[in-house]
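Participant: Model the following, please.
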Amino acid sequence: MEKSPSPDGRHKETHLTMMTTCFLSPATLPGLARILGPRCVQNRTAGARHRRCPRTGPSPNQAIRMAGQPPSSPLDVSSEDVSRRNGLPPFAASVQPVSQEMVDQWLRDVVEGDATVRLRAVLGCRNLSPERAAPILTKVFDSGEKELQNRGFAALFLGYKPNARSFQLLTGLVESDREMDEVRANAVAALGYLGDSNAVPLCLSLLRNPDTHWSTRSSSADAIGIIVERNPQIGSLVFDDLLTVLRAAKSTEPALVVACIGALGEVRDPRCVIDIASYLDAADFTVAQCVCEALGKIPSATSEKALAKVVDQKEAHINVLWSAEIALKSVRRSLL
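Facilitator: Numbering: from 1, shown residues only. As a prediction, the model looks like this:
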């Protein structure tokens, strides 16, 4: 992914940054799963100078408007900022006033409209409560939607706007869309946001299989990390697999590396600290940043030493330094 610095030279945090490119090339859709489920620092303190692992690019508003959403749509930046401060993806907590007439129109459009109109109906779920979005999202799959983008976005929303059928539909997508790696990756990411520990065996099977597309494997690790964060008791059940995959990951698979490191950070087992810290010298600063964030969740003398070394390297990327400073303070507090 291209990383373009902002005018002040710092990389800004932007969620869903692959959205616009998704409309240009279906091959970029797996980026959504990576961006919507980043396992970046969750232990941010109020007022701390910190940015999450940066994902640069156009805003979600631009992407949705490219899909035909009118400029007057209530997709204001302030609501996205609020979601970020709450640690959620921009549209996860978004609920805007939408008339029942409009919802009924979207329900018709998702079946009767052309591809763009159907996509607009799916994206309209951003402003709906999970209960109101449910009929639209389930109809996408019940009607046999074939468009890659429409299936991909609907899968993501099933995680962020969950309903009684979300788990069934998402696990079904993983099995049925074997030739659509982009959709599978998004479905797995959505399973993570559901937080249901019943998804762990499926995620582990995808993660273990080296023949699974890298985007789906990365999403699987991300999903495991999110589920472990909500269900810490299962951390010991996934530790060995995450560490094995991390050790076998290739340098050409940074997304998989970052996902495994983030998930191991949620497991918080000090046995993985040396393996995680070995990536502090990665050429991609986003990898080093995520390493710092993971080490900050695993209090140990080795973590403290590795983070202190980064803080002393003033030539490191500003985001890496910020992450290391925050993580080091967290580790030292825990070791007291």
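Participant: Tell me the pLDDT of the nearest residue to residue 133 once chain neighbours are set aside.
Facilitator: In this structure, residue 133 finds its nearest non-sequential neighbour in residue 125, 3.9 Å apart by CB to CB, 6 or more residues apart in numbering. Just so you know, the C-beta spots here come from the backbone N, C-alpha and C atoms, and that holds for glycine as well. Per-residue pLDDT puts residue 125 at 94.
Participant: Residue 125 against residue 158, yeah?
Facilitator: No. Using CB atoms under 8 Å, residue 125 is not in contact with residue 158, being 9.5 Å away.
Participant: shared neighbours of these two, anything?
Facilitator: Jointly contacting residue 125 and residue 158 under the rule CB atoms under 8 Å, 6 or more residues apart in numbering are residue 137.
Participant: who's in contact with residue 175?
Facilitator: Listed by CB under 8 Å, 6+ apart, the contact set of residue 175 is empty.
Participant: Can you report the mean pLDDT over the residues of the helix or strand hosting it?
Facilitator: Using DSSP states H and E, the element containing residue 175 is helix 166-176. Taken as a whole, helix 166-176 has a mean pLDDT of 94.
Participant: Next secondary structure element downstream of it?
Facilitator: Sequence-wise, the next helix or strand downstream of helix 166-176 (DSSP H and E) is helix 181-194.
Participant: Show me the helices in the stretch 101-250 of the chain, by range?
Facilitator: Along the stretch 101-250 of the chain, counting by DSSP state H, counting those that start in this stretch, helices occupy 115-123, 130-142, 148-160, 166-176, 181-194, 200-208, 214-230, 235-248.
Participant: tell me how far the fourth one is from the chain's mean position?
Facilitator: Relative to its chain's centre, helix 166-176 lies at 18 Å (CA atoms, centre = their mean, to the nearest Å).
Participant: do the same with the longest one
Facilitator: Taking CA atoms, centre = their mean, the mean C-alpha location of helix 214-230 is offset from the chain mean by 9 Å.
Participant: Show me what counts as buried in it.
Facilitator: Buried residues in helix 214-230, defined by neighbour count with 16 or more other CB atoms under 10 Å: 214-229.
Participant: if you average pLDDT over it, what comes out?
Facilitator: Helix 214-230 shows a mean pLDDT of 96.
Participant: That one versus helix 166-176: what angle between them?
Facilitator: Orientation note: helix 214-230 sits at an angle of 150 degrees relative to helix 166-176 (axes from the mean of the first three to the mean of the last three CA atoms, to 10 degrees).
Participant: pull the CA atoms of helix 214-230 into PDB?
Facilitator: Taking C-alpha atoms only, helix 214-230 is exported to PDB below (Å, rounded to 0.1, in the frame of the first residue of the first chain):
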ATOM      1  CA  TRP A 214      -2.800 -13.900   2.200                       C
ATOM      2  CA  SER A 215      -5.600 -11.400   2.700                       C
ATOM      3  CA  THR A 216      -7.900 -14.100   4.300                       C
ATOM      4  CA  ARG A 217      -5.000 -15.400   6.500                       C
ATOM      5  CA  SER A 218      -4.300 -11.800   7.600                       C
ATOM      6  CA  SER A 219      -8.000 -11.200   8.400                       C
ATOM      7  CA  SER A 220      -8.100 -14.500  10.300                       C
ATOM      8  CA  ALA A 221      -5.200 -13.400  12.500                       C
ATOM      9  CA  ASP A 222      -6.900 -10.000  13.000                       C
ATOM     10  CA  ALA A 223     -10.200 -11.600  13.900                       C
ATOM     11  CA  ILE A 224      -8.500 -13.900  16.400                       C
ATOM     12  CA  GLY A 225      -6.900 -10.900  18.000                       C
ATOM     13  CA  ILE A 226     -10.200  -9.100  18.400                       C
ATOM     14  CA  ILE A 227     -11.900 -12.200  19.700                       C
ATOM     15  CA  VAL A 228      -9.100 -12.800  22.200                       C
ATOM     16  CA  GLU A 229      -9.300  -9.200  23.400                       C
ATOM     17  CA  ARG A 230     -13.000  -9.800  24.300                       C
END
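Participant: just for this protein, where's the confidence low?
Facilitator: Scanning the chain for pLDDT under 70 picks out 1-94.
Participant: Dump the helices of the stretch 101-250 of the chain into TSV; add distance to residue 279 as well.
Facilitator: Below are the helices of the stretch 101-250 of the chain laid out as TSV (distance: least, CB to CB, whole Å):
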stretch	distance to residue 279
helix 115-123	36
helix 130-142	37
helix 148-160	28
helix 166-176	28
helix 181-194	22
helix 200-208	18
helix 214-230	14
helix 235-248	9
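Participant: What lies in contact with stretch 270-286?
Facilitator: Stretch 270-286 is contacted by residues 3, 53-54, 239, 242-243, 246-247, 254, 257-258, 261, 264-265, 287-288, 291-292, 294-295, 298-300, 302-303, 306, 309-310, 316-317, 319-320 when judged by CB under 8 Å, 6+ apart.
Participant: correction: stretch 136-151
Facilitator: Here stretch 136-151 makes contact (CB under 8 Å, 6+ apart) with 22-23, 26, 29, 103, 106-107, 110-111, 115, 118-119, 121-122, 124-125, 128, 154, 157-158, 161, 163, 165, 169, 172-173, 177, 180, 182-183.
Participant: Buried members of these into ChimeraX, please.
Facilitator: Here is the ChimeraX command that picks out the buried ones among the contacts of stretch 136-151, judged by 16+ other CB under 10 Å:
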select :22,23,26,29,103,106,107,110,118,119,121,122,124,125,128,154,157,158,161,163,169,173,177,180,182,183
